[in-house]
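Student: Got a predicted structure here, sequence first:
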Amino acid sequence: MLKSQRRQFLLSTAGSLGLSQLLGSLGPLSADEVKFDKGIARFSSEIEPLVEFLETTPRNEVIEQTARRVQGGLSYRHLLTALLLAGVRNVQPRPSVGFKFHAVLVVNSAHLASISCADEDRWLPIFWAIDNFKSSQQRDVSEGNWTLAAVDEAAVPPAHLAAKHLRRSLEEWDVEAADVAITSLVRNSGSQRVFDELAKYAARDFRSIGHKVIYLSNAFRTLQTIGWEYSEPVMRSLVYAMLNHHGSPNPAGSDQEADRPGRDNRQLIKELPDHWHGKSLDDGATADLVSTLHDCTPQEASQNVVALISNGISLQSIWNAIYASSGELMMRQRGIIALHSVTTTNAIRHAFQNATDAKTRQYLLLQNASFLPMFREAARARGPLADRQITSLGPSETQVLPTAVEDTFVLMGKDRLAAAEQLYAYLKNDGDPQTVVDHARRLVFLKGNDSHDYKFSSAALEDYRTLTPVWRNRFLAASVFQLRSSTESTRPIVERINKALS
C-alpha cells in the first residue's frame, strides 16, 4: 500500500510540467555527430555495443529506448558500466575537470542514490544520469568532439617500470608519458596499488576546486561496483584530468597559488609524530579548529592540524572540524563553491580511509584542511560572506512538532537559515536523522536538475554518519542550505522516466 501511495505521489507531482523546461535548447544528436574513427579507445565485446547505444541514441529518445532494454532484461550493473564508459570516452575533462565532465563525476553519486532509495524510485537517478550524459555529450561535440584516443601501445613501459614512470610523469605534468604509464600499471597491478599511486597526487593542487580528487574517489568507488576489468579507460581519463593545468604554466617549473599549500604540506608532514592517531576526543579542540578555519590562511590551517595531532587530539575530532567548517561555508554563502567544499571533503576522506601509505594519508588530511580556506576565499571572490558560524546553531526552546521534517523542507523555500535552526532543534530533541535523509534524498529525485544536487546530497547524506553526535547534528542542519525544498517544481524528466518504465 505504501509503495502504491509513493508511486501515485510521484506521478501526480511530476505530471503537470512540460519537457521543454528540462531539455532546453539542445537539439538531438545526429548519427554523424557521434561517429568515431578507428583511433579511439574501444571496450570489450560484452559492453561496447551498449556503450555505442548510449553514444548514438538521440537525447530525445534515449530514456524510452533504454527503458525498453531494461524491460527486456538489461541489468542495472551493465547499464551503470556503459554509462561510465560512455562518459569517459566522449567527454573531455578540460578546460576544467568540472562543467560538462560532471556527466562522469556524477555516476557514483547517482549510484549511491539508487541503492539508498525506495524500490519504486530505484531507476530514477541512473536514468537522470543518462539524460545528463547526453547533454554533456552535446556540449563536448560543440567544443570540438573530443574522444579518448587509443593507447600508444608501442610506448607502454614494461610492468616493472610502470610505477616509476607514472610517478615521474605526474611530477613533470607530462600527459603523454602518464597515459602509457598508467596503462601499464593498470594492466599489471591490482586496484589497491593503482589507488595508492594516484592518491599521492589527486589532491596536490586546488585547480578545478577539488574535482581531481573527487574523480579519484568516485571512479574507484564505481569500479568496485562494476568490476576492475573496466578500469583501464577510466584510469587513463582520470590521469588526464589530474594533469589539467589549463591557463597556467607547467606547475613543475613554476610557483602558483594553487600548488603552494601542497608543496608546503609535503614538508609539514615531517613534523608529525610517529604515533599520530591521537586518542583524545575533544569537542573543545574541534570548536577551536572550526574557529581557526573561519578566517585563517591555508598554511595556518594545516599547521593547526599538526599542532592538534602533536597534542594527542584524535583524528575524529579533526575530521569533525573539517566537516563542520565545510558546512559553515554553506551557511555563509550558498552556492557552487561552498557545496564543493563538502564534496571535496567527502572525496578526500574516502581517499584517506583507503590509502595504505601513512604519509599519503597524512598529506591528504593536511590538504583537506588547507583547501577549506581556499574554498572560503574562492567564495569571497564571488560575493560577500555572511557573518555566520555553525557553532551558533545552539539548543532551541522551540517546541518540536511531529511534522518538523516536512515543515523544515517547506521553510527552506523561504528562509534557509530559519530552516537550519529548525532542523537543528529537531535533531537536538532526539529527532530521527534517517527521516531527514530519506526526505532530502527523495526531493533530489523529484526536484533536482543539476549534477550538483546528486553529488552534494550523496556526499552530505553519507558523511553526516561519520561525525560524533554534537557535530553530526550541526552538519546535517547546515546541509539544508544546499538541499532541495519541497516547494520547488517537480522536474519533467521524472514523469518521462516513469512513463517510459511503466
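Tutor: Okay, I see it. Numbers count the residues shown, from 1 in each chain.
Student: Please name every helix or strand in contact with the longest helix along the chain.
Tutor: Ranked by residue count and defined by DSSP state H, the top helix of the chain is helix 358-380. Contact partners of helix 358-380 among helices and strands, from 3 or more CB pairs under 8 Å, 6 or more residues apart in numbering; DSSP states H and E: helix 191-199, helix 260-268, helix 283-293, helix 298-310, helix 315-332, helix 336-354. Bear in mind the C-beta positions are built from the backbone N, C-alpha and C, glycine included.
Student: Mean neighbour count, the ones you listed: which tops it?
Tutor: helix 315-332 (a mean of 25; mean count of other CB atoms under 10 Å).
Student: for that one, the distance to its chain's centre please.
Tutor: Offset of helix 315-332 from its chain centre (CA atoms, centre = their mean, to the nearest Å): 17 Å.
Student: So which other helices or strands are in contact with it?
Tutor: Applying 3+ CB pairs under 8 Å, 6+ apart, one finds that helix 315-332 makes contact with helix 283-293, helix 298-310, helix 336-354, helix 358-380, helix 469-478.
Student: before we move on, back to that, so for the helix or strand that comes right after the longest helix of the chain, mean pLDDT?
Tutor: Later in the chain than helix 358-380, the nearest helix or strand by DSSP states H and E is helix 404-411. Helix 404-411 carries an average pLDDT of 92.
Student: Stretch 260-277 too?
Tutor: The average pLDDT within stretch 260-277 is 97.
Student: one step back: out of the helices and strands packed on helix 358-380, which is closest to Gly431?
Tutor: Closest of the helices and strands packed on helix 358-380 to Gly431 is helix 315-332, at 17.7 Å (criterion: CB to CB).
Student: angle of that closest one against helix 469-478?
Tutor: Orientation check (axes from the mean of the first three to the mean of the last three CA atoms, to 10 degrees): helix 315-332 against helix 469-478 gives 20 degrees.
Student: what sits up against the helix or strand Glu61 falls within?
Tutor: Glu61 is located in helix 59-71, with elements delineated by DSSP H and E. Outside helix 59-71, the residues within contact range by CB atoms under 8 Å, 6 or more residues apart in numbering are 23, 26, 28-29, 53-54, 57, 74, 79, 123, 127, 130-131, 134-135, 138, 493, 496-497, 500-501.
Student: just to revisit the earlier point, okay if I get the helices and strands packed on helix 358-380 as CSV plus distance to Val107?
Tutor: Below are those laid out as CSV (distance: least, CB to CB, whole Å):
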stretch, distance to Val107
helix 191-199, 17
helix 260-268, 27
helix 283-293, 31
helix 298-310, 30
helix 315-332, 23
helix 336-354, 14
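Student: Figure out which of the ones you listed is closest to Val213.
Tutor: Taking those one by one with CB to CB, helix 336-354 is closest: 4.7 Å.
Student: and Gln192, what is it in contact with?
Tutor: Per CB under 8 Å, 6+ apart, neighbours of Gln192: Thr356.
Student: Test for you: state the pLDDT assigned to it.
Tutor: pLDDT at Gln192 comes out at 98.
Student: start the count at 347, not 1, going forward
Tutor: New numbering, starting at 347: the last item is Gln538.
Student: domain parsing for this protein?
Tutor: 361-488, 499-588, 607-726 (automatic domain parsing).
Student: would you turn these into TSV with distance to Asp778?
Tutor: What follows is these, written out as TSV (distance: least, CB to CB, whole Å):
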stretch	distance to Asp778
domain 361-488	16
domain 499-588	27
domain 607-726	20
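Student: before we move on, the earlier item: export the helices and strands packed on helix 661-678 to CSV and tack on distance to Arg388?
Tutor: CSV is the format used below for the helices and strands packed on helix 661-678 (distance: least, CB to CB, whole Å):
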stretch, distance to Arg388
helix 629-639, 47
helix 644-656, 43
helix 682-700, 29
helix 704-726, 33
helix 815-824, 44
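Student: Which one of these lies nearest to Ser803?
Tutor: Closest among these, using CB to CB: helix 682-700, at 9.8 Å.
Student: what inclination does the closest one have with respect to helix 537-545?
Tutor: Between helix 682-700 and helix 537-545, the angle comes out at 130 degrees (the same axes, to 10 degrees).
Student: helices or strands up against helix 682-700?
Tutor: Identification of packing neighbours for helix 682-700 by 3+ CB pairs under 8 Å, 6+ apart yields helix 537-545, helix 557-572, helix 661-678, helix 704-726, helix 797-809.
Student: Please state the offset of it from the chain centre?
Tutor: With CA atoms, centre = their mean, you get 7 Å for helix 682-700.
Student: mind exporting it as CSV, just the C-alpha atoms?
Tutor: Below are the C-alpha coordinates for helix 682-700, written out as CSV (Å, rounded to 0.1, in the frame of the first residue of the first chain):
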residue,chain,number,x,y,z
ILE,A,682,28.7,26.3,-6.2
ILE,A,683,31.9,26.9,-4.2
ALA,A,684,30.6,26.0,-0.8
LEU,A,685,29.0,22.8,-1.9
HIS,A,686,32.3,21.7,-3.4
SER,A,687,34.0,22.1,0.0
VAL,A,688,31.6,19.4,1.1
THR,A,689,32.0,17.1,-1.9
THR,A,690,35.8,17.5,-1.9
THR,A,691,36.0,16.7,1.8
ASN,A,692,33.9,13.6,1.1
ALA,A,693,36.3,12.5,-1.6
ILE,A,694,39.5,13.3,0.4
ARG,A,695,38.0,11.4,3.4
HIS,A,696,37.4,8.4,1.2
ALA,A,697,41.0,8.6,-0.1
PHE,A,698,42.3,9.0,3.4
GLN,A,699,40.4,5.9,4.6
ASN,A,700,41.5,3.7,1.6
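Student: hang on, the earlier thing: report the buried residues of the next helix-or-strand element following the helix holding Glu407.
Tutor: Later in the chain than helix 405-417, the nearest helix or strand by DSSP H and E is helix 422-436. Neighbour counts over helix 422-436 (16 or more other CB atoms under 10 Å) mark 425-436 as buried.
Student: In JSON lines: these, plus pLDDT.
Tutor: Shown next, in JSON lines, are those (pLDDT from 0 to 100):
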{"residue": "Leu425", "pLDDT": "97"}
{"residue": "Leu426", "pLDDT": "97"}
{"residue": "Thr427", "pLDDT": "96"}
{"residue": "Ala428", "pLDDT": "97"}
{"residue": "Leu429", "pLDDT": "98"}
{"residue": "Leu430", "pLDDT": "97"}
{"residue": "Leu431", "pLDDT": "97"}
{"residue": "Ala432", "pLDDT": "97"}
{"residue": "Gly433", "pLDDT": "97"}
{"residue": "Val434", "pLDDT": "97"}
{"residue": "Arg435", "pLDDT": "96"}
{"residue": "Asn436", "pLDDT": "95"}
